[in-house]
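*Asks:* Have a look; sequence and predicted model below, questions after that.
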Amino acid sequence: MKKIFKYILVLSIFIMFNSSCKDFLEQEPDNILTNENVFKDWNMVQSVLANYYGRVSWGQHLTDDFQYIYLDEACNSSGGPDNTQNFGSAHWRVYDYGLIRNINQFLAGVRSEAASGINTAQRNQVEGEARFLRAWTYFNMAKGLGGMPIVGDEVFSYTAGMDIAPLQIPRSTEAEIYDYIIKECTEIFELMPKGKTTNSARANAWTALALKARAAIYAGSLAKYNNLMNEPIRLPGGEVGIPANKAQEYYNIALTTSQKIIAESGYGLYTRKADKGVNFYEATSVKENNNEVMWARDYKYPGNAHQFTTRNIPRSVREDMDGTIITPILNLVEAFEFINDRNGALTTQTSTGEYIYYNNARDIFANKDPRLYGTVIYPGSIFKGKEISFQAGRKFLQNGVWMTETATIGTMDAQGNVITDENGPTTTNDMNVNKTGFCIRKFVDETVGAGTRGRGSEMWFVNFRYAEILLIAAEAAMELGREEAVGYINQIRTRAGIQPLSSVTLEDIIQERRVEFAFENHRYWDLKRWRKAHLIWNGIANDPQATHYALFPYKVNQPGHEAHGKWVFDKQKAHMSVHPRFFQLQNYYNFLEQDWVNRNPKLVKNPFQS
Amino acid sequence: MKYLSNISLIFFALLMMIGCGKDNYEPPKSVLTGKVVYNNQSIGVRGTNSTVRLNLWQRGHELYTAIPVYVTQDGTFSALLFDGDYSLVTQSGNGPWATPQDTVKITVKGDTYVEYPVTPFYTISNENITLSGNTLTATFNVSQVTGTQALERAILVINKTAFVDENANIQRVDRMNPGTGQITMTMTITEANLKNVLLNARVGVKIQGREAIYTPVKNIK
């Protein structure tokens, strides 16, 4: 018996030696890819690029909807009140030299011998895309921090003992970083194909020009409006602060670039639906046949979907246990004009303080800018084919004074009449219960299943669309004193369905951009570049612009009274946003971390930082 | 075997007991208190929102950051520090005073008191706040000391707590572009606000692009 074991042992050891020696050290690893592996294969090249596309969403975007509560568009509506008041010194700050280095590695790769397998057109395309994403990264960095080090195409690496001085690059001036972005975009335009990409998820030549136009208009307004301040925000080296005499040049670039896109790109305003409100929703939130969106962060199920719809859909049409986490505030709703009246304030009371009685809740929004319908779900509007009603409670008369009766959401009285609607709004601290009387419509998906945790939504987030190009043209033309400004802004207003203007001022541009691009990550950066943020978000309690407001609809329950069954509205402070927004001068530029300065002593800190 | 495990248990228990207290720092325990002054008068500022600050630097390290020291509404500030040498400086563009001001060098050894002299853009003097019935009347003199900044607004605020400023208030009156010289402001306090057991009032002038400067809090009820 023992002998047999011995034989088996010897035999197995022999077999082991025999088989294992062969090729053991020459095996190709299947989880480490070399440059040759990647760049010889067109599909691999594209998947590396896809990784970069997934890393360039900053500020407000769909996978981080809580960012919407910081401005004057929406407030938190789930759970207890939010105490936000100040803006942090790192608010929406981008400092991603890791990504820039990765992109430079990619550029080195596609330009190397290894990539000889892909043809020139393909190489130009991916090179253009990579450089576009790099320019986009610099742009996002510049709008928060000002001028930052420009590292060019070089891939820096560090080995122990080397001289680190060449790695420590000083900050560029604010003008230089915008010049660099503009120059890059001009070159990228020549490299890239001009055709539309699937769902506009990949950049094309026109996207590069759109970024150029946006960078130019930002730089132009920074040059102009910063220098109009009492104490312009500047650093001695120009890392922050663009000289006023450059404004003209930037506005010219913005105007000619946007005019080129308007004339040649083939993009246009979306006008497929007769109903202007539905049309505007589809312009931003429907991918099929969309000729307006120029670049979006696209999502696809399975594997790449998000929960924005699940989290923000009205409760009565929700498909999962979430909903109404972030809800629009009255400030945004009133910012939308009436079709023939530029003052968008809603009338809830007569001049003598009596309630105005509306037959239907939606009547108070009659003749509002149809874009309101496309952006916000307001009381009595339709979503997913159902009417969405909001009812905070009921009003009844007691000794000649209107009193309020409320209940938990979804409660009915003995006769089956609703007291408080399932959609709220309420002033409780409940989870997933509406607190402002509105829900978001823009970017909320009507597709069946999009509101479930299991599936999620494929809704895209729009980074560039044709409407912005028109408004950049209008703004640049206005600043240059050119007459075509009014024509560009009126294209937007006519498509929206409101009265055209006869002249354009900066205030008109501010107003138009606010409502056209609500929830599209523009407002904060716009107010910063016009140096308006500290005036609007002034931190004064009960200031109508800095404080968040809600609109509470009530049904009149007073049988025998002429108003029985009609609707009245209360405007009130949104209890979920306790404090007014307070934007201080130091918030115009993010702070640099001490850690960055420790690593690179050539960096200078931003104004107000010390 | 059991004997052994008992011994090891005791051993671990002992280890735990002596393990603590060995590697901890002493916490900082010297309190630095101070006051921002002009002509030996303290300067009232907005005390909420961490808006007005000074910076405390400790030299002697190659790489260092400032310790923020926030100024409260009566112009005082405090910080809990280790003993050592510090420099107190202004934050550029912050506070209702011209920046930069002279650095004040402080040696903290135990509890320390320091005065930080500044030159404010404006001063408020001869303030007189009186309440009669529901009418609050404030009279005060504003004079410019330095700088080119204009006044944005004069503010009369009341609150039901001891903290009163343009953010922490229950009622306020603003006068835009008030100019200098004598200013009189009145406020009709609402019935609801008048019911509070305690009411404090304060006037301030907001400087364009800068924080406001305030008078001391006055108890009016």
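*Replies:* Done, it's in. Numbering: from 1, shown residues only, chains lettered A, B, ... in the order given.
*Asks:* all contacts plus neighbour counts: C-alpha atoms, from now on.
*Replies:* Will do.
*Asks:* residues touching the residue lying closest to A:Leu585 once chain neighbours are set aside, list them.
*Replies:* Closest residue to A:Leu585 in three dimensions, ignoring its sequence neighbours and counting by Cα to Cα, 6 or more residues apart in numbering or on different chains: A:His534, at 6.4 Å. For A:His534, the contacting residues are A:Phe582, A:Phe583, A:Gln584, A:Leu585, taking Cα atoms under 8 Å, 6 or more residues apart in numbering or on different chains as the criterion.
*Asks:* How many residues are close by the first one?
*Replies:* The one in question is A:Phe582. By other Cα atoms under 10 Å in any protein chain shown, the residues close to A:Phe582 number 25.
*Asks:* same check, this time on the third one
*Replies:* For A:Gln584, the tally of surrounding residues (other Cα under 10 Å) stands at 21.
*Asks:* Would you mind listing what in the stretch 51-200 of chain A touches chain B?
*Replies:* Neighbours of chain B within the stretch 51-200 of chain A, by Cα under 8 Å from any Cα of the partner chain: A:Gln85, A:Asn86.
*Asks:* Point me to the residue of the stretch 51-200 of chain A nearest chain B.
*Replies:* A:Asn86 (7.3 Å; Cα to the nearest Cα).
*Asks:* Switch the contacts of A:His534 over to JSON lines; also include pLDDT and secondary structure.
*Replies:* Written out in JSON lines, the entries for those read as follows (pLDDT from 0 to 100; DSSP: H, G, I helix; E, B strand; the rest coil):
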{"residue": "A:Phe582", "pLDDT": "92", "secondary structure": "strand"}
{"residue": "A:Phe583", "pLDDT": "94", "secondary structure": "coil"}
{"residue": "A:Gln584", "pLDDT": "90", "secondary structure": "coil"}
{"residue": "A:Leu585", "pLDDT": "91", "secondary structure": "helix"}
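*Asks:* Output those residues in a markdown table, with distance to A:Gly565 appended to each entry.
*Replies:* As requested, the contacts of A:His534 are exported to a markdown table (distance: Cα to Cα, whole Å):
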| residue | distance to A:Gly565 |
| --- | --- |
| A:Phe582 | 41 |
| A:Phe583 | 43 |
| A:Gln584 | 47 |
| A:Leu585 | 50 |
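*Asks:* out of the residues you listed, who's nearest A:Ala108?
*Replies:* Within the contacts of A:His534, proximity to A:Ala108 (Cα to Cα) peaks at A:Leu585, which comes in at 41.0 Å.
*Asks:* about what we covered before: distance-wise, check the residue nearest to A:Leu585 relative to A:Tyr588.
*Replies:* Look at A:His534 and A:Tyr588: by Cα to Cα, to the nearest Å, they are 9 Å apart.
*Asks:* Over to A:Ala296?
*Replies:* The span separating A:Ala296 from A:Tyr588 equals 27 Å under the rule Cα to Cα.
*Asks:* Same drill for those two, tell me which one is more crowded.
*Replies:* Between A:Ala296 and A:Tyr588, counted using other Cα under 10 Å, A:Tyr588 has the larger neighbour count: 25 against 19.
*Asks:* Determine the number of other residues adjacent to the nearest residue to that one once chain neighbours are set aside.
*Replies:* Closest residue to A:Tyr588 in three dimensions, ignoring its sequence neighbours and counting by Cα to Cα, 6+ apart: A:Lys528, at 6.2 Å. In terms of burial, A:Lys528 registers 23 neighbours under the definition other Cα under 10 Å.
*Asks:* Equivalent analysis for B:Asn40, please.
*Replies:* B:Asn40 sits with 11 neighbouring residues when counted by other Cα under 10 Å.
*Asks:* just A:Phe132 next, same as before
*Replies:* For A:Phe132, the tally of surrounding residues (other Cα under 10 Å) stands at 26.
*Asks:* try B:Gln171
*Replies:* The criterion is other Cα under 10 Å. On that basis, B:Gln171 has 19 neighbouring residues.
*Asks:* Kindly report the same for B:Ile207.
*Replies:* One way to gauge burial is a neighbour count; for B:Ile207, by other Cα under 10 Å, it gives 21.
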